[in-house]
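A.B. asks: need a structure here:
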Amino acid sequence: MNYSKEFKEEALKLSDETGLKKVAAKLGIKYYTFADWRSKCKEQLNETGLIDAEQQHRIHELERSASLL
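C.D. replies: Now for the predicted structure:
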């Protein structure tokens, strides 16, 4: 299934607050598909220089805590 860019962005924002696994389950999206969206988004931010080391660390911490849920 194809999802719009806007849908993906909103889902990722929600997952920052709630956690990747919970949002994936709530939206009926496979966890690995959702995790792939996050990875691609992170890569794009790194390539454009819109994310700094502190933000990268925070993202890593959020991803780690989400995986523990």
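
A.B. asks: so where is the protein shaky, pLDDT-wise?
C.D. replies: The chain contains residues with pLDDT under 70 at 45-53, 66-69.

A.B. asks: quick check, central residue of it?
C.D. replies: Arg38 (3.4 Å; Cα atoms, centre = their mean).

A.B. asks: can you pull the contacts of it?
C.D. replies: Shown in contact with Arg38 (Cβ atoms under 8 Å, 6 or more residues apart in numbering): Leu12, Ser15, Leu20, Glu63. All C-beta spots, glycine's among them, are computed from the backbone N, C-alpha and C.

A.B. asks: just those residues: which are in helices?
C.D. replies: Leu12, Ser15, Leu20, Glu63 (DSSP state H).

A.B. asks: if we can go back for a sec, quick one: which helix or strand includes the residue nearest to the centre of the chain?
C.D. replies: Using DSSP states H and E, Arg38 sits in helix 31-48.

A.B. asks: number of residues surrounding the residue lying closest to Ile29 once chain neighbours are set aside?
C.D. replies: Leaving aside its chain neighbours, Ile29 sits nearest to Ala11 (7.3 Å; criterion: Cβ to Cβ, 6 or more residues apart in numbering). Neighbours of Ala11 under the rule other Cβ atoms under 10 Å: 19.
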